[in-house]
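1. Quick one, structure for this:
(3 chains)
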Amino acid sequence: MYTFKKEERLCNKKLIDELFHNGSSFLCYPFKASWLLVGDVQQVPAQILFSVSKRRYKRAVDRNLIKRRMREAYRLSKQQQLYEQLNAADKKIVLSVGYIGKEIAPYELIEKKMLKLLVQLSAELVK
RNA sequence: GCUGCAAAACGUUCUAUCGCUGCUUUGGCCUACGGCUAAAGCGGAGGAAAGUCCGGGCAACAUAGAGCAUCCUGCUUCCUAACGGGAAGGCGCCCGCAUCGGGCGACAGCAAGUGCCACAGAAAAUAAACCGCCUGCAAAGGUAAGGGUGAAAACGUGAGGUAAGAGCUCACGGCUUUUCCGGGCGAUCGGGAUCGCGGUAAACCUCAGGAGUUGAAAAACCAAAUAGGUCACGAAAGUGGGGCGGCUCGCUCCCUGCCUUGAGUAAUCAGGGCCGUCGUGAUGGGUAGGUUGUUUAAGCCUGUCAGCAAUGACAGGACCAGAUUAAUGAUAGAAAUUGCCAUUCGGCAAUACAGAACCCGGCUUACAGAUUUGCUGCUGAU
RNA sequence: GCUCCCGUAGUUCAAUGGAUAGAAUUAUGGUUUCCGGUACCAUCGAUAUGAGUUCGAAUCUCGUCGGGAGCA
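-> Residues are numbered from 1 along each chain as shown, chains lettered A, B, ... in the order given. Below is the predicted model of the structure:
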């Protein structure tokens, strides 16, 4: 339900390369999302990775904090906003969410924007 | 009591819900070595995890011995696995309340050789000679006491000496080479004799000691899939394409790929060599994945003994991070500390620096707050 | 994770250890022109940072900060 296990994370190097080369992307400030439809290889509806630029945030502590907040927001909202739509449409995707904001946002803002991003992604999927 | 400096040790805590990750136990499923899954229990960032500045362990490769080159280090003794680290001491410099305390020191050698010392100044290193002093009719010679300089002027002061002068000689003093006596394991200190007197080695260099190279993306192992390499066997029957002769096969022209040599800035050109179909098996290598390496360690805590100390020996105890696109989190509530407002209840805000990645020993740098000890200063009481 | 290199005016580059750190360009002001441009003249503007060695440091040495490159 609210879990976030290893299978839901995107670890395969080839898939990541393919995602960034061929995937389609959109912007939802302060996030940048890329996604790609994949075949029937994976068991869960979506695999995701989070990224924060090292150039923008020099300290490892800051990057960890942002990634943890993003991961928590995704964990709490993915089931209702993403998995049901995907299961209904019988599609599977890989997804990457990068943080492009200039400041470290508080958790409430990240949660709100993550909801908006997932709604936007569902709309893109229908097209 | 306050303030400053130094050293040591610390660097938020608790509860609930939802998660991530490692281990153990129990249950369930499977192809039962093992894998998947559910529940419970026990754990889950640091003093710097940082910078990657030193030193090691560990691993692979290399390795007769010696020399040269390159790089690093440079007072002594000790500690240590080792170190450019640490402890104790010696010497020099700086500061202070000055026989004492604190801080800093790339602290071997310019008396091996070579080089450099701007501007100013007569002169910046074989001493020379512009003014000056002395001898001399002059030519010339002697001399370095005095001369605005400069970071630095041939050791400083006084006396003797002389035509005038000069470590030329003597006394005292400073630095220094060699050596003797005494103290100390030693650096070195005290005293005597002797040689010498610009600075610079974070200038080249000399001397002494040391360094094989590369770093877990090292390295070892595992079973699969895919394409190609090599070898063996087999099939087909001449095999890139066209033409000619032809049973096999042979000849000629053109195309393409790879390797190599030469010319050219390059495109390219010329010469030489090799291969061109299919299947099976073996073999070694590469890619992606997994396991090991990998967390029990030159480690931590407590005590006793040895030592001035760094540290060592012995005894006892606890052991509990281990991710790999990379966990250690989110929310809510309470507490603690600090600051501000109020000065009774309280309210608001803040809680630093920063995130393990093979492991240790150091160094350096960042840091809110707070504890202990020592010292300096100010103030109050006796 | 490991290794190496570089920081000079706003910009591009110079500068044996020797002093007002130089040149081009930019900016500002002036001369010339009816005005603008060009030209000429003048001015402003910098050694990343903190120490050390030295009489003297952009240069030599060490620490810090920032930037870049390589290893796959």
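2. quick one, strands of chain A?
-> Per DSSP state E, chain A carries strands over the ranges A:24-28, A:31-37, A:46-52, A:93-99.
3. so which of those strands gets nearest RNA strand B?
-> strand A:46-52 (4.5 Å; C-beta to the nearest atom of the strand). Every residue, glycine included, has its C-beta placed from N, CA and C.
4. So which elements touch the closest one?
-> Under the contact criterion of 3 or more C-beta pairs under 8 Å, 6 or more residues apart in numbering; DSSP states H and E, strand A:46-52 touches helix A:60-78, strand A:93-99.
5. what angle sits between the longest one and strand A:46-52?
-> Okay, so that is helix A:60-78. Relative orientation of helix A:60-78 versus strand A:46-52 (axes from the mean of the first three to the mean of the last three C-alpha atoms, to 10 degrees): 150 degrees.
6. So helix A:60-78, near RNA strand B or not?
-> Yes: for helix A:60-78, a contact with RNA strand B is found by C-beta under 7 Å from any atom of the strand, at A:A60, A:V61, A:N64, A:L65, A:K67, A:R68, A:R69, A:R71, A:E72, A:R75, A:L76.
7. Looking at neighbours, which among the residues you listed is most surrounded?
-> A:R69 (21 neighbours; other C-beta atoms under 10 Å).
8. Per-residue pLDDT of that residue, please?
-> Looking at A:R69, its pLDDT stands at 85.
9. thought it was touching A:K112?
-> No: contact status for A:R69 versus A:K112: not in contact, 11.9 Å apart, counting by C-beta atoms under 8 Å.
10. Tell me, how many residues neighbour A:Y83?
-> Neighbour tally, A:Y83, other C-beta under 10 Å: 15.
11. typo on my end, it should be A:L82
-> Quick note: A:L82 (other C-beta under 10 Å) scores 22 neighbours.
12. Alright, calling it a day.
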